[in-house]
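Peer 1: need a structure here:
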Amino acid sequence: MGSPVRAAAPVKLVALGDSLTAGYGLPANEGFTAKLQAALKARGRDVIVGNAGVSGDTATGGADRVDWSVPEGTQGVIVELGANDMLRGVDPKITRAALTRVLDRLAARKIPAMLAGMKALRNLGPDYIEAFESIYPDLAKSRGLVLYPFFLEGVAGDRSLALQDGVHPNAKGVDKIVAGILPSVEQFLDQIKGG
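Peer 2: Purely as a prediction, here's the structure:
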C-alpha cells in the first residue's frame, strides 16, 4: 500500500502596495488581494494572497517597511507601488531608487517578485511621463521579472469603475483589475514553482 498523497501547502504570496492593494474604501472581501485569491482558487490554484497595502504609501514608504511587511515564508511578492509618488510629483529618480531597494531586499531574502506598473497623468508633461513610466519595464527587464504594465488598465478614467473620489476602484473596478492581472500572476506562480 502506498502512503496517502499529502496535499501541497498553498503558495503564499504578498501584495506590497498602496491604497490600490489595501482595498481603500471597500469591504475586506471586495479588495484586490481577496478577489485575486478567489480568482486564483477558481482557476485551481491553491494560493493565499496576503495584503501588505498601506493607503498613501509611496515607493519609499514601501521600501522602508518591506522587511516587516513581507513575513518569513512568503514565496512571492507582487510589488504595486509608485502611484502616490506620481500623484505628488516625486522625482522619478527617487521612485526608481526606492523600487530598486524593495527588489534588492526581496532578492537578498531569496523571495521572487513581480512588478505591477503605473502610468503617469498626462498633465505632468512628457519628460516626467517618460522618466516615470520607464521605471517599471526597465527594472523588470534588468531583473527578468514578470511585469504587468499598468495596474489600473481599463479602470483608470472610467468613473463607473471608481469610488466617489473618482480615483480608487470600486468593487467592479477591482474585478476588472483582477481579470487583467490574472494571467501575469499565473505566469509568476509558474515561475516560482519552476524556480
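
Peer 1: can you tell me what sits against the longest helix seen in the chain?
Peer 2: In the chain, taking DSSP state H as the definition, the longest helix is helix 171-194. Here helix 171-194 makes contact (C-beta atoms under 8 Å, 6 or more residues apart in numbering) with 11, 13, 20, 23, 26, 30-32, 35-36, 39-40, 43, 45, 47, 75-76, 78, 112, 114, 116, 146-148, 151-155, 158, 160-162, 169. Just so you know, the C-beta spots here come from the backbone N, C-alpha and C atoms, and that holds for glycine as well.

Peer 1: find the nearest non-adjacent residue to residue 137, please.
Peer 2: Distances taken as C-beta to C-beta, 6 or more residues apart in numbering put residue 147 closest to residue 137, at 6.2 Å, once the chain neighbours are dropped.

Peer 1: wait, that neighbour sits on residue 138?
Peer 2: No. Counting by C-beta atoms under 8 Å, residue 147 does not reach residue 138; the two are 10.0 Å apart.

Peer 1: look at the two and report which has more neighbours.
Peer 2: Neighbour tally, residue 147 and residue 138, criterion other C-beta atoms under 10 Å: the higher count belongs to residue 147, 19 against 14.

Peer 1: residues in contact with the residue nearest to residue 137?
Peer 2: Residue 147 touches 114-115, 117, 136-137, 140, 184, counting by C-beta under 8 Å, 6+ apart.

Peer 1: find me the pLDDT at it, would you?
Peer 2: Confidence at residue 147, expressed as pLDDT, is 98.

Peer 1: partners of it in the sheet?
Peer 2: Beta-bridge pairing of residue 147 under DSSP bridges involves residue 115.

Peer 1: for residue 28, which residues are in contact?
Peer 2: residue 34.

Peer 1: so it versus residue 56, what's the distance?
Peer 2: According to C-beta to C-beta, to the nearest Å, residue 28 and residue 56 sit 18 Å apart.

Peer 1: same thing with residue 139?
Peer 2: Taken as C-beta to C-beta, the span from residue 139 to residue 56 is 22 Å.

Peer 1: out of these two, which sits in the busier spot?
Peer 2: Taking neighbours as other C-beta under 10 Å, residue 139 and residue 56 compare with residue 139 leading, 20 against 12.

Peer 1: in this structure that one contacts residue 101, no?
Peer 2: No. Using C-beta under 8 Å, residue 139 makes no contact with residue 101, being 11.1 Å away.

Peer 1: now do the strands in this protein.
Peer 2: Secondary structure of the chain by DSSP state E: the strands cover 11-17, 47-53, 76-80, 113-116, 147-148.

Peer 1: make a markdown table out of these and add distance to residue 87.
Peer 2: Putting the strands of the chain into a markdown table (distance: least, C-beta to C-beta, whole Å) gives the following:
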| stretch | distance to residue 87 |
| --- | --- |
| strand 11-17 | 14 |
| strand 47-53 | 16 |
| strand 76-80 | 14 |
| strand 113-116 | 16 |
| strand 147-148 | 20 |
